[in-house]
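>>> sequence plus predicted model, see below.
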Amino acid sequence: MNKGNRLTLYIILSMILGILVGYFIFTSTGPGFQKSFSNNIKILSTIFIRLVQMIIAPLVFTTLVVGIAKLGDLKTVGRVGGKAILWFITASLASLLIGLALVNYFKPGQYIDLSQKDVEGLTDLVTKQKSFSLQNFVEHVIPKSFVEAMANNEILQLVVFSIFFGVAAAAIGDYTKPLIKALDVASHVILKMVNYVMNFAPIGVFGAIAAVVASKGLGIFVFYLKYFSFFLIGIAILWILLLTVGTIILKGRIRELLRRIGSPLLIAFSTTSSEAVFPKLTEELERFGCRDKIVAFVLPLGYSFNLDGSMMYMTFASLAIAQAYGMHMPIETQLMMLLVLMLTSKGIAGVPRASLVVVLATCSMFNIPPEGVALILPIDHFCDMFRTATNVVGNALATSVVSKWEGELTE
């Protein structure tokens, strides 16, 4: 058994153990101990995610700059970027439309129990929310300081700075070769760190699963079974669509791609953080045959512009909340909401519950009671597991497809 398969096995075992331990705590102890246990055991997950976050910013900067420099000229950067953006916009629209169609057909908001609010979780989300405006959007995209963007792990801002830096380095030419070589070496050192950090993945997965089961139990599905089932139907349709398009373009290699990203998928699913697998996904896509310069350019862009699972959930959740309160929203209003979500969702962090912050802002804009987000919070962790895994699949496919289109996908 190779190292990747061993890691996958350990992660699966950690998930099972986390469920068993969490359920034991939930059924045999009182609310006070459950909350204390959940907060303490979650530290294991926090340690793992922070270890990964420690290397994301330098990895994005070094790999993206080197990738752009290796692409050579502005024309090539524009061509590759254009193909990537075409995929991102198409996938995002498809995801949003699937969520829109399903929520109108199944009307999951009618099944939400108004007594099951998670007010404490809502308070935490409100502190993270910024009302949407052009000013806030520009501030989120354009960095005022490279150091600040690096310190705060603002991936979209890092991408913007790295693109400018990489294009400028490519324009200067041979004079910058020593710098590009140094950054290339630095990126390989960071990727080596990835191997060390991934050894902590099973421990982090155990902590994340045990914490949520200990605090909420498995009975939460009783109240939200239909809502959750309809959401899973949407995820299944989205996966079928993505994998069908991927099979058409990549042909027989789609199975190999899924096998390669199996371990990152499980980590993302368990920790509900696509950020947690960015370094490992970079490594596996290069092993799959994508050229390093394409991976270094497209994957960071995808983490800012191509979160397919989150996009689908945003329309699904926003309209479900409106339904729960008995609000009728005309189709033209829903389409306007879809366009707003296309803008507000770009650059959302690949961390737990980031998409709910966007849902909260969107509800406020369309006069949907924002406190309605508390209605879906109890089940959100389980939804987040599936939408995060979908984000990883979408970005792996996007990178592989762009590599194929560029003739840079090797066996």
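Great, that's in hand.
>>> tell me how many other residues crowd Val185.
12 (other Cβ atoms under 10 Å). For every residue, glycine as well, the C-beta is placed using N, CA and C.
>>> ok, now how distant is it from Leu179?
11 Å (Cβ to Cβ, to the nearest Å).
>>> over to Ile55?
20 Å.
>>> between these two, which one's more packed in?
Ile55 (18 against 15).
>>> ok, and the closest non-adjacent residue to Leu281?
Of all residues not flanking Leu281 in the chain, Pro264 sits nearest, at 4.7 Å (Cβ to Cβ, 6 or more residues apart in numbering).
>>> might one say that the one you found is in contact with Pro279?
No: counting by Cβ atoms under 8 Å, Pro264 does not reach Pro279; the two are 9.2 Å apart.
>>> tell me which of those two has more neighbours.
The neighbour comparison of Pro264 against Pro279 (other Cβ under 10 Å) goes to Pro264, with 29 against 23.
>>> contact partners for that one?
Applying Cβ atoms under 8 Å, 6 or more residues apart in numbering, we find Pro264 in contact with 277, 280-281, 284, 392.
>>> also Ile89?
No residues are in contact with Ile89 under the rule Cβ under 8 Å, 6+ apart.
>>> please, which helix or strand holds it?
Following DSSP states H and E, one finds Ile89 within helix 74-106.
>>> that helix: which residues count as buried?
Using 16 or more other Cβ atoms under 10 Å as the test for burial, helix 74-106 gives 76-77, 80-81, 83-84, 87-88, 91-92, 94-96, 98-100, 102-103, 106.
>>> show me what contacts Glu256?
Residues in contact with Glu256 (Cβ under 8 Å, 6+ apart) are Phe288.
>>> what helix or strand is it located in?
Judged by DSSP H and E, Glu256 forms part of helix 254-260.
>>> tell me which element the residue nearest to Leu281 falls in.
Going by DSSP H and E, Pro264 is in helix 262-271.
>>> again with Asn395
Applying DSSP H and E, one finds Asn395 within helix 373-405.
>>> taking helix 74-106 as reference, get the angle to that helix.
140 degrees (axes from the mean of the first three to the mean of the last three Cα atoms, to 10 degrees).
>>> could you pull up the mean pLDDT of helix 373-405?
Across helix 373-405, the average pLDDT comes to 87.
>>> likewise stretch 286-305?
In this model, stretch 286-305 has a mean pLDDT of 86.
>>> begin at 587 from here
Yes, from this point I'll number from 587; that puts the last item at stretch 872-891.
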